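Participant: Have a look; sequence and predicted model below, questions after that.
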Amino acid sequence: MNLQPVPKLFCVYANIYIDNQERCQRMWDSFFSIYPFLDGVEWYVNLRGSYAKSVGERLAKHSHIFVSYYQGDWINLAHKFTIDYRFRYEYVLIWLEDHICMNPSIIPDVCLDMHQTLSDSLYYSCFQFGKYREMHYDLTEPCLETNLIYVYDRLNGVQVSSTADPFLFSVCSITSLRVFEFITRQRYNYQYGYEDILEAPFACEVDSSHNWLKPFRSCLPKIELFASIDDDHGVIGSCLIARGLYQNRLGQRLSYADKNE
């Protein structure tokens, strides 16, 4: 009998385009805000752009980090990753290099709570002083909760917000690798739009109108896990630069990389 091994709880995955010194510095600040606290967790990092080689050589010196330099669109590479590793891990933390981890020591416990509540995905950033939940989940109560997370069942025909429903799946997340594989497969096969922006990570995000992914169990953290360096995401003063927690070296928001929008 050919039995699959019991999967590890989670890994970290990233596909990052680095084309200037500021983006490079932010990536390192993000990396060191979380890496030292995830003992033994494996990282899979694909790098693109003019800084890819120098960053990759430095990253590869750290244990449990696997670096690659594949070119191509974000969806294609993400789908390849899910096919290769979908039986090895239960969850994947999709690392975005312009977000800083605020409470790294609880990440493994958050993933364990997700496992125990059979959750599909957790939106890990833009805590916004707790206002994200107030704004986007004001019509429904969590079906479950733990000390660390709120859990919501997203069902067909059920609106969770009186304004704009939050995305079912965002790349800014810890997500079931099984679900991530399914989503990237649908996008890769051009079944659900975004065909013109497959290079961008948000091309695989799924908004609440897409019933093909429901029922879906999504989570929100009770404690701020990550915060954006320079994007308030609709709540003025919530990013790290606005809070005085990150140096504003540019004097303005850093634009998205041409191939990492």
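Facilitator: Cool, got the structure.
Participant: which helix of the protein spans the most residues?
Facilitator: Secondary structure of the chain per DSSP state H: the longest helix is helix 21-34.
Participant: Identify each buried residue in that one, please.
Facilitator: Residues 23-24, 26-27, 29-31, 33-34 are the ones in helix 21-34 that count as buried (16 or more other Cβ atoms under 10 Å). Where you see a C-beta, it was placed from the backbone N, CA and C, and this is true even at glycine.
Participant: mind putting the residues you listed in CSV, distance to Cys101 and pLDDT included?
Facilitator: Shown next, in CSV, are those (distance: Cβ to Cβ, whole Å; pLDDT from 0 to 100):
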residue, distance to Cys101, pLDDT
Arg23, 18, 93
Cys24, 18, 96
Arg26, 13, 95
Met27, 13, 97
Asp29, 10, 97
Ser30, 7, 98
Phe31, 9, 98
Ser33, 4, 98
Ile34, 4, 97
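Participant: so which of these comes closest to Leu47?
Facilitator: Met27 (9.3 Å; Cβ to Cβ).
Participant: residues contacting that closest one?
Facilitator: 16, 18, 55, 97-98 (Cβ atoms under 8 Å, 6 or more residues apart in numbering).
Participant: ok, and what's touching the following helix or strand past the longest helix of the chain?
Facilitator: Next along the chain after helix 21-34, taking DSSP states H and E as the criterion, comes strand 43-48. Outside strand 43-48, the residues within contact range by Cβ under 8 Å, 6+ apart are 11-18, 35, 53, 55-56, 59, 64-71, 77, 81, 85, 95, 259-260.
Participant: so where's the longest strand in the chain?
Facilitator: In the chain, with assignment by DSSP state E, the single longest strand is strand 8-17.
Participant: who does the worst-scoring helix or strand of the chain on mean pLDDT touch, helix- and strand-wise?
Facilitator: Averaged element by element with mean pLDDT, DSSP states H and E, the chain has its least confident helix or strand at helix 177-188 (a mean of 85). Other elements packing on helix 177-188 under the criterion 3 or more Cβ pairs under 8 Å, 6 or more residues apart in numbering; DSSP states H and E are helix 74-85, strand 89-94.
Participant: how many degrees apart are it and strand 89-94 in direction?
Facilitator: With axes from the mean of the first three to the mean of the last three Cα atoms, to 10 degrees as the basis, helix 177-188 and strand 89-94 are set at 60 degrees to each other.
Participant: What are the phi and psi values at Ser65?
Facilitator: Actually, residue 65 is Ile rather than Ser. As for Ile65, its main-chain torsions (degrees, to the nearest 10) stand at phi -120, psi 130.
Participant: what pLDDT does it get?
Facilitator: For Ile65, the pLDDT comes out at 97.
Participant: ok, now Asn46?
Facilitator: 95.
Participant: what is it paired to in the beta sheet?
Facilitator: Using DSSP bridges, the bridge partners assigned to Asn46 are Asn15, Ser68.
Participant: And for Leu93, the neighbour number?
Facilitator: Around Leu93 there are 26 other residues, counting by other Cβ atoms under 10 Å.
Participant: And for Glu141?
Facilitator: The burial count for Glu141: 9, using other Cβ under 10 Å.
Participant: Quick one: classify it as helix, strand or coil.
Facilitator: The local conformation at Glu141, judged by DSSP: H, G, I helix; E, B strand; the rest coil, is coil.
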